[in-house]
Structures are given as structure tokens and as C-alpha cells.
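*Asks:* A predicted structure for the sequence below; I have some questions about it.
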Amino acid sequence: SVKSADSSRCVSLSGSGSTDSGGPQRADSLDRANKQDSRWPRQNSLSMKEWDIPYDELKLSEVIGKGRFGTVYRGSWHGAVAVKLLHVHSLGDDCVPLDTFKHEVATFRKTRHENLVLFMGACMKPPRLAIVTSLCKGMTLYTHIHLRKDKFTANKSVLVAQQISQGMGYLHARGIIHKDLKTKNIFLENGKVVITDFGLFSVTKLCFGNNARGDSLGIPAGWLCYLAPELVRALRPHASLHLPFSKATDVYAFGTVWYELLCGEFPFKGQPPEAIIWQVGRGVKQSLANMQASRDIKDILMLCWAYRSSERPDFPRLLSTLQKLPRKRLARSPSHPVHLSRSADS
Ligand code: ADP
Ligand code: MG
């Protein structure tokens with residue numbers, strides 16, 4: 001792990017698996033920075049400074065909430081923003097190096113998609129580590145489904161799921177695995193889906209204020225239902241950093257979101273973690289016998305929850321499956337009321 005202040009002086013970071021055509025790098029300083037950590041490919045010569053926000057420029061107002069990553073504030077930086085502040089307590093040996101944090105931040109800046117939260121920058125001077133994104137205005141799907149008990153019709157669920165698939169398909173095409181897709185990380189703004197917290201998962205393991213352990217396995221409440229069998233089987237106490245996340249584990253998590261949308265509750269509702277771990281690890285799925293939904297809709301669930309990761313569809317395929325679902329008078333765009341767009345639909 002990184003213990004010297006040197007790491008905060010890295011001037012160049014490039015994303016993993018990036019297809020950006022960076023061209024040959026020129027500055028010696030970039031070379032030096034790359035040599036410090038040869039894991040990152042050297043294709044991208046954009047300076048990290050561009051995304052570095054001096055902590056003093058951030059105005060923090062009230063706390064929006066606390067999560068595994070630290071505390072989220074409503075803030076101001078050239079307008080209203082959300083600031084995710086990570087508190088650095090210590091840099092132990094079992095922690096992720098600061099460079100990993102920077103590397104992840106470097107991947108966010110490559111994301112530009114309607115259904116993804118806008119990454120604005122980061123403050124990367126320990127002990128001040130913060131991620132600044134646009135402020136989501138609506139409520140999370142979690143709040144809609146589990147707190148307000150809002151009912152999502154099949155049609156509305158499809159529209160939401162399509163947008164999630166679109167955003168996730170984009171992330172995957174960019175080589176970014178979300179690792180923490182869940183209804184708490186999906187906002188709904190006037191019918192538009194905005195996905196947050198992609199790729200942030202290992203930041204939790206920076207050991208900077210990771211105090212939300214649910215139990216001895218370090219499983220926060222509500223997390224388990226999103227974990228694919230291969231992740232559940234790899235669970236070890238306090239070792240979630242090395243879990244085998246993949247595009248397919250994101251698809252599994254999407255399946256759970258799809259179930260929540262349709263059923264208004266979590267799979268394995270009310271069951272203790274050990275029972276869920278035992279079942280999922282052996283390939284036992286939540287029963288759909290009592291679910292009021294068409295075969296097509298249930299098929300999507302079963303595909304996403306396939307025990308073998310290779311059998312799960314990818315997001316482009318999910319999107320086309322969702323688009324082919326029989327619908328009744330479905331609005332073409334979620335931002336337009338049904339009666340306006342119906343005439344425009346074929
Ligand atoms: P979790 O996702 O597990 O709820 P987080 O730390 O990501 O934990 O979020 C803490 C709180 O801040 C949550 O209530 C979340 O909805 C809110 N939040 C996170 N990001 C944003 C954002 N970009 N805009 C508005 N609220 C946000
Ligand atoms: Mg979140």
C-alpha cells in the first residue's frame with residue numbers, strides 16, 4: 001500500500017482496457033509517473049489535474065446520507081453537486097493503495113451517458129478524498145420500491161429496465177464493471193434512470209471509514225441478494241476486495257433489480273444471510289411461483305440469475321429482449337406522457 005505523499009503527485013493516470021487513442025506520450029514527467037505504477041497502460045496522456053478539485057473550492061452543506069463509502073453531502077462547486085467524502089483513518093497493509101482510488105477515478109472520467117451520473121472530478125489529497133458528481137434530483141429506486149411502496153406497472157418496469165441496460169451496456173463496453181449495481185444506486189428523475197457509484201466498490205476497501213459491517217463476513221444488509229453464486233461462494237470474512245466481479249455478476253445484480261421492480265420486495269425476503277448464502281451458492285433461486293408476470297418477464301429473471309455466469313445474457317441482449325416484450329400502449333419516451341407519444345408510435 002502507498003504510504004508516502006508521493007502517490008498524490010501522480011500526474012498521469014490511464015484507465016484499464018481503454019480504447020482511447022492516446023498517441024505516443026511525450027513528457028518525461030508522464031513517463032516517470034507511469035513507471036511508478038506500471039500496471040496502468042500508457043495510452044492516455046490526459047493530465048489528471050483536470051479532474052482534481054482543490055478541497056477548498058468545495059462548499060459542503062448538509063449531509064444527504066451515509067453509505068459504505070463514507071458520507072455524501074449536498075455541496076456546491078460551479079453549481080449544485082453531490083460530494084462523496086471518504087474519511088481517511090489509517091492506511092493499513094490490508095488496504096487498497098491510493099493509486100487504486102486514482103485509477104478508479106480515472107475510469108469515471110471516461111463516462112458520458114444519459115443514464116449515468118455525471119462525474120465532475122475528485123479531490124485526491126489524503127486525508128481529503130472526495131468524489132464530486134452531479135446532484136441527482138429524484139429518488140432512488142430503493143426509496144420508490146421499498147420505502148414509499150410505489151407500484152411499478154410492467155410497462156414502467158420495462159422502461160426503467162431498458163434504461164438500466166442501456167447505461168450498463170455502455171459501462172461494460174468501456175470496460176467498467178459496476179460491482180455494486182443495486183436499487184440504492186439507481187435514481188429516477190422524471191422517468192429517467194441515472195445510475196451512480198459505478199466502479200467504486202474497491203474504494204470501500206481503502207479502509208477509510210469502512211464501518212458499516214453487517215456481520216462477521218462483512219456483509220452490509222441488503223447486499224447479499226445482488227451477489228451472483230460465484231461471488232457468494234468466494235465470500236470470506238473481510239476479504240470482499242478479492243471477489244471475482246465480472247460483467248456477468250453485474251447482470252446477476254440487474255436480475256435482482258428487475259425482481260424488485262416487479263415484485264416490490266427483495267428476493268429471499270426475510271431470510272437470514274446464512275440461508276441466502278447456502279441457497280444461492282448451490283444454485284437455488286427465489287421461487288417465482290407466486291409472481292404475477294408473463295413467461296417472458298420471468299424468463300429474463302431466470303437468465304440473469306443463471307448459476308453459470310457464461311449462461312447469463314449481456315446487456316445489449318437484455319435490451320433487445322426487453323424491447324421485444326409485448327407491451328400495451330407504451331410511451332415511446334419516458335419523458336413524454338403516454339397520451340402525447342402514442343400518436344407518434346407505430
Ligand atoms: P448507498 O448507495 O448504499 O445508499 P451512498 O454512500 O452511495 O450509499 O449514498 C448515501 C446517500 O447519498 C444515499 O441516500 C444516496 O441516495 C445519496 N446520494 C449518493 N449519490 C448521490 C447523488 N449523486 N445525488 C444525490 N444523492 C446521492
Ligand atoms: Mg450509492
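*Replies:* That came through fine. Numbers count the residues shown, from 1 in each chain. Ligands and ions are numbered 1, 2, ... in the order given.
*Asks:* use CA for all of it now, contacts and neighbours both
*Replies:* OK.
*Asks:* What lies in contact with stretch 281-295?
*Replies:* Identification of contacts with stretch 281-295 by CA atoms under 8 Å, 6 or more residues apart in numbering yields 229-230, 232-233, 263, 267-268, 279, 298, 305, 307.
*Asks:* what sits opposite the residue of the stretch 51-200 of the chain found nearest ligand 1 in the beta ladder?
*Replies:* Residue nearest to ligand 1 within the stretch 51-200 of the chain: G67 (3.2 Å; CA to the nearest ligand atom). Following DSSP bridges, G67 is listed with bridge partners G70.
*Asks:* likewise V132?
*Replies:* Under the criterion used (DSSP bridges), V132 bridges to V83, G121.
*Asks:* Show me the contact partners of stretch 306-314.
*Replies:* Counting by CA under 8 Å, 6+ apart, 169, 228-229, 247-249, 251-252, 283, 303-305 sit against stretch 306-314.
*Asks:* among the residues you listed, which are in helices?
*Replies:* 169, 229, 247-249, 251-252, 303-304 (DSSP state H).
*Asks:* ok so, going back, farthest pair in the contacts of stretch 281-295?
*Replies:* Distances among the contacts of stretch 281-295 were taken as CA to CA; the most separated pair is R233 and C263, at 26.2 Å.
*Asks:* can you pull the contacts of A154?
*Replies:* By CA under 8 Å, 6+ apart, the residues touching A154 are L262.
*Asks:* Verify the stated contact: L86 with G70.
*Replies:* Yes. Assessed by CA atoms under 8 Å, L86 is found in contact with G70 at 4.7 Å.
*Asks:* All the helices of the stretch 101-250 of the chain, in order from the start?
*Replies:* In the stretch 101-250 of the chain, the helices defined using DSSP state H, counting those that start in this stretch lie at 141-142, 154-173, 229-234, 247-263.
*Asks:* Would you check that L301 makes contact with G255?
*Replies:* Yes. In terms of CA under 8 Å, L301 counts as a neighbour of G255; the distance is 5.3 Å.
*Asks:* more crowded one of the two?
*Replies:* The neighbour comparison of L301 against G255 (other CA atoms under 10 Å) goes to G255, with 25 against 21.
*Asks:* Look at the more buried one and report its pLDDT.
*Replies:* G255 carries a pLDDT value of 98.
*Asks:* list the contacts for it?
*Replies:* Contacts of G255 by CA under 8 Å, 6+ apart are 300-302, 304-305.
*Asks:* who in the chain is up against ligand 1?
*Replies:* Residues of the chain found near ligand 1 (CA under 6 Å from any ligand atom) are 64-72, 82, 133-136, 184-185.
*Asks:* which among those gets closest to P127?
*Replies:* Looking across these and measuring by CA to CA, the closest to P127 is G70, at 12.7 Å.
*Asks:* Isn't the closest one up against V83?
*Replies:* No. Between G70 and V83 there is no contact under CA under 8 Å: 10.1 Å.
*Asks:* So for those two, which residue has more residues nearby?
*Replies:* Shown here are G70 and V83; by other CA under 10 Å, V83 has more neighbours (30 against 22).
*Asks:* how about low-confidence regions in the stretch 151-300 of the chain?
*Replies:* 202-218, 221, 238-241 (pLDDT under 70).
*Asks:* Tell me where it has strands.
*Replies:* Applying DSSP state E, counting those that start in this stretch to the stretch 151-300 of the chain gives strands spanning 186-189, 192-195.
*Asks:* so can I have JSON lines of those strands showing mean neighbour count?
*Replies:* Conversion of the strands of the stretch 151-300 of the chain to JSON lines gives the following (neighbours: other CA atoms under 10 Å):
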{"stretch": "strand 186-189", "mean neighbour count": "21"}
{"stretch": "strand 192-195", "mean neighbour count": "24"}
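*Asks:* How many neighbouring residues does T100 have?
*Replies:* 15.
*Asks:* check which helix or strand covers it.
*Replies:* helix 98-108 (DSSP states H and E).
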